[in-house]
Each structure stands twice: as structure tokens, then as C-alpha cells.
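Q: Sharing a sequence plus its predicted fold:
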Amino acid sequence: MPEAWINFGILLFVQLLIFFVFALYEKKLSNVWQVLAKGIPIGIPFGLSFDLVLGKYLGLSTYALGFDMSFLILNAVLSYGIFAATILLLRRQPLHFCVATLFITALYEFVNLFLHVWKWQFPVPIVLFPILLGIGYMVGAILVVGVERLFRPKKF
């Protein structure tokens, strides 16, 4: 079990690194704390609902650390919160947003290949698997922007 926590910590570090790279690219380093403060509250309901509904109840994914509520809350705050904050950095230009979201998807999943923090459990042909992941992350990213716009209307 300690190895699973270490892997989770490494994944979070990679997510933060990606977040800071995009903040640097978008010239928003001075605003990283504000962006994280917006992303974390958005990530919590997304993370909990995704993990409980799609993961635990529908059985589409599992975690090496299981579905213990304390882990799910920590994962929602940190992992989903960082993802949401990263997406909020990228929302300005639709094409850039789409390409960057697919890039983030590929990085997260590539890192997970080695760390085994989560495992997808839906049986699809290997060719369709990356397409479904891309669509899933893209829908999540669009929902993040939509929720943020509900609370603070901003041009996409």
C-alpha cells in the first residue's frame, strides 16, 4: 500500500508540473494560486461524482488505493482540482484548448501506465480506447469551463 501512495504522489507532482508549464506558457505564473483556488472547488464535485458513479458503481475504473472516501476526497481536491485549474488556464482559444486537453490526456495516461494509480475496466478494442479516453477528458474539460462560466461569465 505505501507504493500506491508514492505513485499517487508522483502523479500529483506530474500534474502540478504540467499545470505550472501551462501557467508559464500562458504567462499566468503570477496568478497560479488564484487559478488553483478556482480549479479545486470545481474539481471536487467532478472527482467525487466521476469516481463514485463511473468508477465504483458502474465499474469502469478502479484505483490502486481503492474507493475509500478519504482517498476519493483527497483525489477530488488534488488530482481533479489540478486538472480543472489546468483547464482553466487554457480556455481562451478553442483550438488551443482542444489540442492542449488531448495532450494532457496523453500525459496523464502515459504516466499512469508506469504508476498504475488507476485502471480502466471497460472492454473495447485497443483502437477505440484512446479515442474514448480523449472524448472523456474533453467532455470533462468542457464541463469544467462550463461550471466556471456559470459562476463568473467569461468569454470562451
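A: Nice, I can see it.
Q: would you list every one of the helices in the protein?
A: 2-25, 32-49, 69-75, 81-89, 94-115, 128-151 (DSSP state H).
Q: Highest mean neighbour count out of the ones you listed?
A: helix 81-89 (a mean of 25; mean count of other C-beta atoms under 10 Å). To be clear about C-beta, it is placed using only N, CA and C from the backbone, and glycine gets the same treatment.
Q: returning to what we had before: right, so of the helices of the chain, which gets closest to residue 63?
A: The closest of those to residue 63 is helix 69-75. By C-beta to C-beta, the value is 7.0 Å.
Q: how far is stretch 99-117 from where the chain is centred?
A: 9 Å (C-alpha atoms, centre = their mean, to the nearest Å).
Q: whoops, stretch 37-57 was the one
A: Worked out by C-alpha atoms, centre = their mean, stretch 37-57 lies 9 Å from the chain centre.
Q: contacting residues around that stretch?
A: For stretch 37-57, contacts defined as C-beta atoms under 8 Å, 6 or more residues apart in numbering pick out 60-63, 67, 72-73, 75-77, 79-88, 140, 143-144, 147-148.
Q: same check, this time on stretch 130-144
A: 39, 42-43, 46, 50, 83-84, 87-88, 97-98, 101-102, 104-105, 108-109, 120, 122, 124.
Q: and the gap between the closest residue to residue 7 other than its chain neighbours and residue 31?
A: Among residues not flanking residue 7 along the chain, residue 115 sits closest, at 3.9 Å (C-beta to C-beta, 6 or more residues apart in numbering). For residue 115, the distance to residue 31 equals 29 Å [C-beta to C-beta, to the nearest Å].
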